[in-house]
Structure formats: C-alpha cells, structure tokens
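Asker: Next input, structure requested:
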Amino acid sequence: MDQIKIGKFISRCRKSKKMTQEEFAENLGVNSRTVSRWENGQNMPDISLLPKISEILEVSIFFTSMEAAETSYPSDSSSNLPLKLR
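Answerer: Numbers count the residues shown, from 1 in each chain. Next up is the predicted model:
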C-alpha cells in the first residue's frame with residue numbers, strides 16, 4: 001500500500017468532516033503529531049485503529065485500508081468520497 005495515498009485519503013476524509021487533526025487524534029486516543037505523520041505519508045495507522053478510523057470518517061474499512069491505496073479522489077470535492085456508512 002502507498003503510505004502517501006492513504007495519508008491523503010485520510011486527510012481528505014477528515015477535512016470533509018470539518019475536523020481538525022487535533023479533534024481526530026483525540027477521538028482516536030492518539031497524538032495530533034501521529035495524525036500529521038499519517039497524513040504526510042510518514043507512517044501508517046496501526047491496523048487496530050482501522051475500525052475506529054472508519055467509524056469516525058464514515059467510510060468502510062475496505063476503503064480505509066485498501067481502496068485508498070489504489071484510487072485518487074479530487075481534493076476539493078467531498079461528494080466523491082467512497083461509501084459513506086449509514
């Protein structure tokens with residue numbers, strides 16, 4: 001998986017929810033620096049966090065972990081985000 005693409009995906013989803021890195025980090029129980037590293041492609045979220053990340057961002061785990069690595073989404077359009085959970 002491409003860390004940079006996954007990081008950009010997480011960033012776009014978080015921003016579409018109008019959530020800061022600090023708010024996202026607090027909801028996950030991690031440091032905002034950790035979120036920044038994910039979004040900049042320096043690190044990947046631990047697999048144990050994927051269910052919570054998916055819940056907060058309202059995307060399926062599949063898209064969080066796999067599809068983001070293979071798909072590009074426009075940075076200015078939240079309407080193109082994949083599979084919102086209901």
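Asker: Any regions of the chain where pLDDT drops low?
Answerer: Within the chain, the ranges that satisfy pLDDT under 70 run 1, 62-86.
Asker: tell me which residues in the lengthiest helix in it are buried?
Answerer: Secondary structure assigned by DSSP state H gives helix 3-16 as the longest helix of the chain. Within helix 3-16, the residues that count as buried by 16 or more other Cβ atoms under 10 Å are 5, 6, 7, 8, 9, 10, 11, 12, 13, 14, 15, 16. Where C-beta positions appear, they are placed from N, C-alpha and C, glycine not excepted.
Asker: Equivalent analysis for stretch 20-39, please.
Answerer: Here stretch 20-39 shows 21, 24, 25, 28, 30, 34, 35, 36, 37, 38, 39 as buried, counting by 16+ other Cβ under 10 Å.
Asker: Chain neighbours aside, what residue packs nearest to residue 61?
Answerer: residue 54 (4.7 Å; Cβ to Cβ, 6 or more residues apart in numbering).
Asker: wait, isn't that neighbour in contact with residue 28?
Answerer: No: counting by Cβ atoms under 8 Å, residue 54 stays clear of residue 28, with 11.2 Å between them.
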